[in-house]
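Participant: Pasting a predicted model and its sequence here:
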Amino acid sequence: MTLFRTKKPEPLAVYTDVTDGLKSIYRTSLMPVEKDFLYNEFHSPILEDPDFESKPLVMLVGQYSTGKTSFIRYLIEKDFPGMIIGPEPTTDRFEIISYGKEDGKIPGNVLAVDSKKPYRKLQEFGGVFLSRFEGSETNSDVLKSISLVDTPGILAGEKQSISRGYDFTGVLRWFAERADRIILLFDAHKLDISDEFKSAIEAIKNQEDKIRIILNKADMMTHQQLMRVYGALMWSLSKILHTPEVARVYVGSFWSKPLQFDGNRELFEAEQDDLVKDLQGLPRFATIRKMNDLIKRTRSVHVHAQMLSYLRKQMPAIGKSSKKKEIIKNLDKHYRNIQSEFGISAADLPDVDVMRSKLEKYDFSKFPTLKKEQEKGLESVLSDDITRVMQLLPHEEAGKSETEKTVAGGVFTKENMPVGTGILAGKGEKGWVVARAWSDDFNWQDRERSSYDEVFNSLEQTDGKITGTVARKELLKSKLPNSELGKIWRLADIDRDGYLDIDEFALAKYLVRLKLAGHELPDKLPEHLLPPGKVRPEN
């Protein structure tokens, strides 16, 4: 019989899905520490269930007349309530564009008290802000998968002499922390970055993984002008973001107007396709983004708690006021002590000037001390809890339909003309494209199908077909790598018999030409490239 009994470990929590797991981890392990250490007063408001359950959010930021509202119109391909487009500053409020069966507008005060929406904490920014905040609902398939935030146009020039009446950069930071994608828009003709725009970018630059940049209205420039403007934009941004690599920049004119200079059409179309693909995948990665944000928040809370614990330890029994002034004055020196004592990276500490101003109103001796069980709980979030939630991801993703994983409707439902280039050349047209003359699209001289037949007839054949060895010698003349030639062989050998007949050989040569012209090869041969009379085998 033992006199002492060891305490049984508490059973691990069981999560039904990823979102349920993230909410449970936050409520039990993170939120109590945030409340004890006043995290919401220093950094970010406490999270609520709608913050975990909301749709992916795309936030647009830019100076006035950079095309933010036009870009939303471009995405959803329809007008929405409250939409005003013009060269002057037209958007003077934060506007949430979301899905609704009927078009309508919702005042900010109503949005901020709706417990089903993730905007209740915006009440902390005051009545002036709420009067400049509203929702716009419209029936768009795009908005069934994502929501959009149109922000006030930022004025150019020197620092604004008239205050907005609320913490503009604070609101931007609040939305940036919850956004899945942040799009900074620049007008190709107005690259000057105002003081307020600089402050706005600095407020959100900690979310660099979410930031994408658009150089808009670029169709009004020639090749040479566009190259110079692009370089100037990179130089300006590098001074603000202070990163060796600037976020992805998309160049184009994101509206439905005719292009003024048509020379950059292919570049603009490729850039628009890349941006649409980036936004289209947001629903697929929304859960992972929320998990990533919770991990970042856990680290931030841990650092914040360690900092306040350190500041309390510095306070003497007598002379607290003078000691507080000394700490605030030499906060950068104490930052170095905190880094050394707790093994914290300098990049994980908050801005020293911002922290100085916030610490002024607090009595350091009343700060709590981080307890061992609290520290252990925060470490367990990263080492155990998040890991167990991640194990639910594959099963949850497998249970989603394709419509739940991607954005549909609007610009995301791409409509192609029947005539294409590259692998799409000849789609929807009469006759087999391989049997016709080569198009000037590839900058080749016209060549008839007979030229391929001549090559085929000059090769060693067995029952009217050539072997892989014979075909390889001929295809190697293209100097393409073996990996690409292997893919071409797989696509061209329609009947999978290990030989190429005269039509399959012509198809192989056609695919070689496409690849040499810089086009990508498909994983599966499109129907319009099947030789006449050939049937694709089931296996």
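Facilitator: Okay, I see it.

Participant: so Gly67 touches Leu215, yeah?
Facilitator: No: applying Cβ atoms under 8 Å, one finds Gly67 not in contact with Leu215, separated by 10.5 Å. No exception for glycine: its C-beta is placed from N, CA and C like everyone else's.

Participant: With neighbour numbers in mind, choose between those two.
Facilitator: Shown here are Gly67 and Leu215; by other Cβ atoms under 10 Å, Leu215 has more neighbours (24 against 21).

Participant: how close does that one sit to Tyr250?
Facilitator: Relative to Tyr250, Leu215 is positioned 7 Å away (Cβ to Cβ, to the nearest Å).

Participant: And Ala203, by the same measure?
Facilitator: If you go by Cβ to Cβ, the gap between Ala203 and Tyr250 works out to 22 Å.

Participant: so how far is the helix or strand of the chain with the lowest mean pLDDT off the chain centroid?
Facilitator: Every helix and strand in the chain was compared by mean pLDDT, DSSP states H and E; the lowest is helix 402-405, with a mean of 73. Averaging C-alpha positions (Cα atoms, centre = their mean, to the nearest Å) puts helix 402-405 17 Å from its chain's average.

Participant: Can you name the element that comes right after that helix?
Facilitator: helix 450-457 (DSSP states H and E).

Participant: and that following helix, what's its mean pLDDT?
Facilitator: Model confidence over helix 450-457 averages 86 on the pLDDT scale.

Participant: for that helix, which positions count as buried?
Facilitator: 452, 456 (16 or more other Cβ atoms under 10 Å).

Participant: Mind giving me the packing neighbours of the least confident helix or strand of the chain?
Facilitator: On a contact count with 3 or more Cβ pairs under 8 Å, 6 or more residues apart in numbering; DSSP states H and E, helix 402-405 meets helix 282-313.

Participant: Give the residue spans of the stretch 251-400 of the chain that score low on pLDDT.
Facilitator: Across the stretch 251-400 of the chain, nothing is flagged by pLDDT under 70.

Participant: any idea where the helices of it begin and end?
Facilitator: For the stretch 251-400 of the chain, the helices defined by DSSP state H, counting those that start in this stretch occupy 265-280, 282-313, 320-329, 331-342, 352-359, 372-380, 386-390, 393-398.

Participant: Looking at those helices, which is nearest to Gly428?
Facilitator: helix 265-280 (18.9 Å; Cβ to Cβ).

Participant: same for that closest one, what does it pack against?
Facilitator: Looks like helix 265-280 contacts strand 211-216, strand 249-251 (3+ Cβ pairs under 8 Å, 6+ apart).

Participant: what's the closest of those strands to Gly399?
Facilitator: Across the helices and strands packed on helix 265-280, closest to Gly399 is strand 211-216 (Cβ to Cβ), at 29.3 Å.

Participant: next one: that closest one to chain centre, how far?
Facilitator: 11 Å.

Participant: Given it, what are its sheet partners and their directions?
Facilitator: strand 181-187 (parallel), strand 249-251 (parallel) (DSSP bridges).

Participant: Quick check: which of those is buried the most?
Facilitator: strand 181-187 (a mean of 23; mean count of other Cβ atoms under 10 Å).

Participant: can you list contacts of that strand?
Facilitator: Defining contact as Cβ atoms under 8 Å, 6 or more residues apart in numbering, one finds that strand 181-187 is touched by 56-63, 65-68, 71, 176, 201, 204, 207, 210-217, 233, 247, 278-279, 282.

Participant: Please pick the buried ones from those.
Facilitator: 56-63, 65-68, 71, 176, 201, 204, 207, 210-217, 233, 247, 279, 282.

Participant: related to what we said a few turns ago, relative to Met291, which of the helices and strands packed on helix 265-280 is closest?
Facilitator: For Met291, the closest of the helices and strands packed on helix 265-280 is strand 211-216, at 19.3 Å, according to Cβ to Cβ.

Participant: List the beta-bridge partners for the residue nearest the centre of the chain.
Facilitator: Centroid-nearest residue in the chain, with Cα atoms, centre = their mean: Arg181, separated by 4.2 Å. As for beta bridges, Arg181 partners with Val58 under DSSP bridges.

Participant: Relative to Leu279, how far out is it?
Facilitator: 6 Å.

Participant: list the residues that contact both of these two?
Facilitator: Val58.

Participant: residue contacts, the nearest residue to Met355 once chain neighbours are set aside?
Facilitator: In space, and not counting its chain neighbours, Met355 is closest to Leu331: 6.4 Å by Cβ to Cβ, 6 or more residues apart in numbering. With contact taken as Cβ under 8 Å, 6+ apart, Leu331 is in contact with 352, 355-356, 359.
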